[in-house]
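K.L.:
whatever this is, show me its structure:
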Amino acid sequence: MRQTIIENLAAGRRKRRRRWIIVNSILLLLACILSIAMLMIGNTIYPVSDVIRVLMGESVDGATFAVNTIRLPRMLAGLFAGIAFGIAGNTFQTMLRNPLANPDILGITAGSSVAALFCILILRTSNTTISIAAVIAGLVTVVILYLLAKGKSFSVGRLILVGIGIQAMLSAVISYFLLIGAQQDIATALRWLSGSLNGSQMNAIFPLILTVLICAPIVILLGKHLSILELGEQSASSLGLNTDKSRMLLILSSVCMIAIATATTGPIAFVAFLSGPIAKRLVGIGFSNVIPSGLVGLNLVLAADLIGQFMFEVRFPVGIITGLLGAPYLLYLLIRMNRKGSL
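P.N.:
Modelled structure (predicted):
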């Protein structure tokens, strides 16, 4: 009897692992297809052979400039921003055990947006300064959220309500900056606020690439710790996890990614909100959801950008498309949680 139970558990684990590997492989293949499509498709469509030759360093008339200067930076910006938003959103949702507890709803993205917009419209600083300011503002927002939500005892519900309030306040600050900003900068700021990959340049996206390459592996390595934190504070502590240290590393890594991604591409709506739940639905339970969330995030951004650029007569920024996808899900989630009494 005992042997049969052990065999059934082992078989179930192998089945879940196989599903995790298959789903991640499909998501990775889809990401490759979308990345190649972004390099091929534009005002002029270039064959895959020309794109590969350009990437290998050869000079191809017309294709070299279009791919290296315009399409490659745009694709890399969408790819790494999608990974950053996806992993960071899943981290907060898992750690706080609530699908609403993501950087968009909590106001963390808005905090970074205020700092970046202040640098763009008021100070007119360099991209490096914008990135640093966005990270600092994101961390400050997290600290304020925690202090206001702590009270006598920490409550995730209180945290979400405080986050919604902070987001509303920061949205008012953003509107104020748009009112007092120079007229010639308003169009750029509005395009940035909608979440856009337009005008991406290699030197501007380098901080994003570096941040994701450093912070994403940290969150991936702490994936088991994140799953344990999902059990709750007492359960995690009883299992021997240093909850404070793990939570601090996860928050710092996630905020850095979300802040730099926001400073680079603008606040691409709902990617952080959607990636975790979609990934969890695809891979199921039993294994870390960090890598699938990053892959879902980058696929969402790349697919939404292609749809926004080429599916309509007017070209829309990527954030408009992801917003159209995320808003109905947010309403559905709020209605469902309200019926369950989770709000």
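K.L.:
so where does Gly82 fall, helix or strand?
P.N.:
helix 72-95 (DSSP states H and E).
K.L.:
next helix or strand past that helix?
P.N.:
Next helix or strand after helix 72-95 toward the C-terminus (DSSP H and E): helix 103-106.
K.L.:
buried set for the host helix or strand of Asn24?
P.N.:
Element membership of Asn24 [criterion: DSSP H and E] is helix 2-40. Judged by neighbour count (16 or more other CB atoms under 10 Å), helix 2-40 contains these buried residues: 20, 23-24, 27, 30-31, 34-35, 37-40. For glycine as for every other residue, the C-beta is placed from the backbone atoms N, C-alpha and C.
K.L.:
tell me the angle of it relative to helix 72-95?
P.N.:
On the basis of axes from the mean of the first three to the mean of the last three CA atoms, to 10 degrees, helix 2-40 is oriented at 150 degrees to helix 72-95.
K.L.:
how much space separates Ile180 from Ser194?
P.N.:
Separation of Ile180 from Ser194 (CB to CB, to the nearest Å): 20 Å.
K.L.:
how about TSV for the buried residues of helix 2-40, with distance to Asp185 added?
P.N.:
Converted to TSV, these look like this (distance: CB to CB, whole Å):
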residue	distance to Asp185
Trp20	46
Val23	43
Asn24	42
Leu27	38
Leu30	37
Ala31	34
Leu34	32
Ser35	32
Ala37	33
Met38	28
Leu39	31
Met40	33
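K.L.:
just give me the closest of the residues you listed to Gly323.
P.N.:
The nearest member of those to Gly323, counting by CB to CB, is Leu34 at 19.2 Å.
K.L.:
check whether that closest one really touches Ala303, as I assumed.
P.N.:
Yes - the pair Leu34 / Ala303 is scored as a contact, 5.9 Å apart, by CB atoms under 8 Å.
K.L.:
what's the pLDDT at Arg158?
P.N.:
On the pLDDT scale, Arg158 is placed at 82.
K.L.:
with adjacent residues omitted, what lies nearest to it?
P.N.:
Ala149 (4.7 Å; CB to CB, 6 or more residues apart in numbering).
K.L.:
that neighbour is in what secondary structure piece?
P.N.:
With DSSP H and E as the criterion, Ala149 is inside helix 127-150.
K.L.:
report the angle between the helix or strand just after that helix and helix 72-95.
P.N.:
Per DSSP H and E, the first helix or strand lying C-terminal to helix 127-150 is helix 156-180. Helix 156-180 and helix 72-95 are oriented at 150 degrees to each other (the same axes, to 10 degrees).
K.L.:
and the next helix or strand past helix 156-180?
P.N.:
helix 183-193.
K.L.:
for the next helix or strand after that next one, name the packing helices and strands.
P.N.:
Remark: after helix 183-193, the chain's next helix or strand is helix 202-221, criterion DSSP H and E. On a contact count with 3 or more CB pairs under 8 Å, 6 or more residues apart in numbering; DSSP states H and E, helix 202-221 meets helix 72-95, helix 127-150, helix 243-265, helix 290-310.
K.L.:
could you give the number of residues near the spatially closest residue to Ser227 that is not a sequence neighbour?
P.N.:
Closest residue to Ser227 apart from its sequence neighbours, by CB to CB, 6+ apart: Ser288 at 6.2 Å. Using other CB atoms under 10 Å, Ser288 has 20 other residues around it.
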